[in-house]
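Undergrad: need a 3D model of the following:
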Amino acid sequence: MRVAHLIIAHNAPEQLRRLISRLEHPDSDIYLFIDLKADIVLFNILKDLPRVYFIKERIKIYWGEYSLVQSTLIGFKEILESGKSYDFINFLSGSDYPLQSSDKFHYFLLKHPENAFMEFYNIENVWQEA
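TA: Got it, this is the predicted structure:
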C-alpha cells in the first residue's frame, strides 16, 4: 500500500524536516508545496532527502482564501501526474506532527482500503467569512 503525503508549508524548514523524518516509510513519498511568498532557498536543506519531491507550480497562499484549496489541487495534480500509483494521499500542513508512528499509520490505512477520511462544511452555513 503506497501513500503520498502532501505537505503545504510556508516557513520553519527545520520543523518541516522533523515532520518528514516522522513520516518516513518505505511505502510513502512526500510532496512539498512551498508557498510562493516563502524564500525557496531556505528549503533547499530538504532537496536531498529520499522520496521527497517539491511541487513545481507554486502560488501565493493566503489563510482562509481559495488559494489554499487551489494549492491543494495543484499538489494533487502533480502527484497524479508523477506516474506513481498511490492508494492514499495524506494532506498535512507544515505545522502538523503525527502522534503515531508511520508504521501504525500505514497499518491503519491498510485496514481501511476503501475509506476516504475527509470532511467538509457548507460554506453558506458554517464559513460565513468566506
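Undergrad: which residue ranges form the helices in this structure?
TA: In the chain, the segments counted as helices under DSSP state H are 13-23, 66-80, 102-111.
Undergrad: need those in a markdown table with mean pLDDT, can you?
TA: Converted to a markdown table, those look like this (pLDDT from 0 to 100):
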| stretch | mean pLDDT |
| --- | --- |
| helix 13-23 | 97 |
| helix 66-80 | 96 |
| helix 102-111 | 96 |
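Undergrad: same list (the ones you listed) but as CSV, adding mean neighbour count and distance to Arg51.
TA: Using the backbone N, CA and C atoms, a C-beta is placed for each residue, glycine as well. Conversion of these to CSV gives the following (neighbours: other Cβ atoms under 10 Å; distance: least, Cβ to Cβ, whole Å):
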stretch, mean neighbour count, distance to Arg51
helix 13-23, 16, 9
helix 66-80, 15, 13
helix 102-111, 14, 12
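Undergrad: which among the ones you listed is found nearest to Leu46?
TA: When the helices of the chain are ranked by proximity to Leu46, the top entry is helix 13-23, at 6.1 Å, counting by Cβ to Cβ.
Undergrad: can I get the closest one in CSV? Just the C-alpha atoms.
TA: As requested, C-alpha coordinates have been extracted for helix 13-23 and formatted as CSV (Å, rounded to 0.1, in the frame of the first residue of the first chain):
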residue,chain,number,x,y,z
PRO,A,13,12.2,24.3,7.2
GLU,A,14,13.9,22.6,10.2
GLN,A,15,10.5,21.8,11.7
LEU,A,16,9.4,20.5,8.3
ARG,A,17,12.5,18.3,8.3
ARG,A,18,11.4,16.7,11.6
LEU,A,19,7.9,16.2,10.2
ILE,A,20,9.3,14.5,7.1
SER,A,21,11.5,12.3,9.3
ARG,A,22,8.5,11.2,11.3
LEU,A,23,6.5,10.4,8.1
